[in-house]
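Asker: just a sequence and a predicted model for now, questions to come.
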Amino acid sequence: MGYPHAPHPRETVVLSKHFGDAEARTLGGWRARGGYRALEQALAMDPVAIQNVVKESGLRGRGGAGFPTGLKWSFMKIGDGKPHYLCCNADESEPGTFKDREIMRWTPHALVEGCAIGAYAIGAETAYVYIRGEFTEPLMHMTAAVKEAYAAGILGANAMGTGKTVNVYVHKGAGAYICGEETALMNSLEGRRGNPRIKPPFPAVAGVFGQPTTINNVETLAAVPHILTNGAAWYKQFGRADNPKSTGTKLYSVCGNVARPGNYEVPMGFPFKDFLWDLCGGPLPGRKIKAVIPGGASVPILTPAECEGALMDYEGFVAAGSMLGSGGVIVIDDAQCMVKQIGRLARFFAHESCAQCTQCREGTAWTTKILERIEAGQGTMKDLDTLLDLSEQMTVKTICVLSDSCATPVVSGIQKFRDEFEAHITGKRCPLLPDTTPRIATAAAAA
């Protein structure tokens, strides 16, 4: 993994403030930086009061759904006599997204503290951090942080000497993208195949082990200690004054054909054009940006013109024609074939489908085969209609949204880059590749 860049002057570093600081990984280093003061504060509060502070802050889920965190916590009925559970979704597998791994890699105690506060706030004594199997280094640091927290009496049956029980366990997944879906995550945690469950019942009613459960993203939980320590009003200052629905800062992972890839933290509502060209340095020398996927592989593709006035928050990206998603910004320049790039995304979703739903199992496979045929110069114009029809049949018709995720870049790609698809079909080849068609010199041509 690469070393984090120095913060850009226009970044607002909150969660990423200590990225690159090896001392922040240790318990002593984290406490010296203000760590665990928020948990100590939380354990002296009523759980509902914590929920209200988080509600007031406007914090929304940073994993992609954007659901209000405090409201989600309030669905848990504290005192119902049932064991409650908190699951932290650390199975970051969305192509183009790599922010959560950096939180766990550099500030693991931030997540441990966030999990402990979240668990207490929903009346749970146990929190599970479900971490992606390939995250070898983050797994090592998270495991070490949890051990340190138990040894110091921060976690356990007498958390911070309060007599309250807060346990945090790290669970290593087996590397399946589908386990990033909350109900598939719970199935996997229980030792079953990671297939999504039909809802209802929703996790807050019957989740892991059949008990009330809340699932939150890594970035979401890592933001909670900052909110408790500094207050809801402090958190709400980050964002657009005209859009109270999107508050706080957001981590964005930037990759692809861009001068300065990496993780960036900016306030909600930051101008996307400034983000791409100022913070990230724009395209590589001699190239132009052709397309941008702003929220991970499963959101609609944007053209450069659509990026011009886009604002980086939930409502801003919707207005531009896409979604904030997980915050994985993928930049594609004019040297890239859009048919190939969209086909690559479809291939990923086809490979990661749990195969439980027919529309997803068959639809993702057919979509991939058709795109590969078009890329090879063997497609027909009818294939484009077939792709759009397939996408329609794959959307909002399955247990989870994996098939929707496959369909989304296909539809937006055909809508916005149809000329490239048609060029592959009519020219029988990718127009960006050198023409290797044999040339037969005639006598007239030679003369």
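Answerer: Perfect, thanks for sending it. Residues are numbered from 1 along each chain as shown.
Asker: so where's the stretch 1-150 of the chain shaky on pLDDT?
Answerer: Residue ranges of the stretch 1-150 of the chain with pLDDT under 70: 1-2.
Asker: what lies in contact with the strand or helix carrying Arg344?
Answerer: Taking DSSP states H and E as the definition, Arg344 sits inside helix 338-352. When contacts are defined by C-beta atoms under 8 Å, 6 or more residues apart in numbering, helix 338-352 is touched by residues 93, 95, 176-178, 290-291, 297, 332, 364-365, 367-368, 371-372, 374-375, 402-403, 405-406, 409-410, 413, 417, 420-421, 424, 430. The C-beta positions use only the backbone N, C-alpha and C, and glycine is treated the same way.
Asker: ranges for the helices of the stretch 51-200 of the chain?
Answerer: Per DSSP state H, counting those that start in this stretch, the stretch 51-200 of the chain carries helices over the ranges 69-74, 100-106, 108-121, 136-151, 182-189.
Asker: pull the distance from the longest one to the chain's centre.
Answerer: Offset of helix 136-151 from its chain centre (C-alpha atoms, centre = their mean, to the nearest Å): 22 Å.
Asker: report the inter-axis angle for that helix versus helix 108-121.
Answerer: 60 degrees (axes from the mean of the first three to the mean of the last three C-alpha atoms, to 10 degrees).
Asker: from Leu15, how far off is Glu182?
Answerer: Glu182 is 22 Å from Leu15, where distance means C-beta to C-beta, to the nearest Å.
Asker: correction: Arg429
Answerer: In terms of C-beta to C-beta, Arg429 sits 46 Å off from Leu15.
Asker: the two: who's more crowded?
Answerer: Set Arg429 next to Leu15 and count neighbours by other C-beta atoms under 10 Å: Leu15 wins out with 25 against 18.
Asker: checking my notes, Lys273 in a strand, right?
Answerer: No - Lys273 is assigned helix when assessed by DSSP: H, G, I helix; E, B strand; the rest coil, not a strand.
Asker: which non-adjacent residue is nearest it?
Answerer: Closest residue in space to Lys273, ignoring its immediate chain neighbours: Glu308 at 5.5 Å, by C-beta to C-beta, 6 or more residues apart in numbering.
Asker: before we move on, the earlier item: from the contacts of helix 338-352, which would you call buried?
Answerer: Taking 16 or more other C-beta atoms under 10 Å as the criterion, what is buried in the contacts of helix 338-352 is 93, 95, 176-178, 290-291, 297, 332, 364-365, 367-368, 371-372, 374-375, 402-403, 405-406, 409-410, 413, 417, 420-421, 424, 430.
Asker: now, these that are in strands?
Answerer: Lys290, Ala291, Ile332 (DSSP state E).
Asker: pLDDT and distance to Phe272 added to those, as a markdown table?
Answerer: Formatted as a markdown table, those follow (pLDDT from 0 to 100; distance: C-beta to C-beta, whole Å):
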| residue | pLDDT | distance to Phe272 |
| --- | --- | --- |
| Lys290 | 97 | 16 |
| Ala291 | 97 | 13 |
| Ile332 | 97 | 15 |
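Asker: of those residues, which is the nearest to Pro244?
Answerer: Of all these, the one with the least separation from Pro244 (C-beta to C-beta) is Ala291, at 31.1 Å.
Asker: bridging residues for that closest one?
Answerer: Ile332 (DSSP bridges).
Asker: and it, how far from Cys87?
Answerer: Distance from Ala291 to Cys87, by C-beta to C-beta: 35 Å.
Asker: swap in Tyr130?
Answerer: Counting by C-beta to C-beta - Tyr130 and Cys87 are separated by 6 Å.
Asker: higher neighbour count, those two?
Answerer: Between Tyr130 and Cys87, Cys87 has the larger neighbour count (other C-beta under 10 Å), namely 26 against 23.
Asker: and the average pLDDT for the helix holding Arg344 is what?
Answerer: For helix 338-352, the mean per-residue pLDDT is 96.
Asker: so which bits of that helix are buried?
Answerer: Going by 16+ other C-beta under 10 Å, helix 338-352 has these buried residues: 338-350, 352.
Asker: now, among these, which is nearest to Val208?
Answerer: Nearest to Val208 among the buried residues of helix 338-352, with distances taken as C-beta to C-beta, is Glu352, at 21.8 Å.
Asker: surely Ala159 touches Ala152?
Answerer: No - counting by C-beta atoms under 8 Å, Ala159 sits too far from Ala152 to count as a contact (10.5 Å).
Asker: show me which of the two is the more surrounded one.
Answerer: Taking neighbours as other C-beta under 10 Å, Ala159 and Ala152 compare with Ala159 leading, 24 against 14.
Asker: roughly how far does the more buried one sit from Thr408?
Answerer: 43 Å.
Asker: likewise for Glu315?
Answerer: 18 Å.
Asker: start and end of stretch 287-301, how far apart?
Answerer: End-to-end distance of stretch 287-301 (C-alpha to C-alpha, to the nearest Å): 19 Å.
Asker: just the buried residues of it, please?
Answerer: Result for stretch 287-301 [16+ other C-beta under 10 Å]: buried residues 287, 289-301.
Asker: now stretch 195-215
Answerer: Counting neighbours by 16+ other C-beta under 10 Å, stretch 195-215 gives 195-197, 203-204, 206-208, 211-215 as buried.
Asker: could I get these as TSV with distance to Gly28 and pLDDT?
Answerer: What follows is these, written out as TSV (distance: C-beta to C-beta, whole Å; pLDDT from 0 to 100):
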residue	distance to Gly28	pLDDT
Asn195	43	96
Pro196	41	97
Arg197	42	96
Pro203	36	96
Ala204	37	96
Ala206	41	96
Gly207	35	96
Val208	33	97
Gln211	36	97
Pro212	36	97
Thr213	33	98
Thr214	31	98
Ile215	31	97
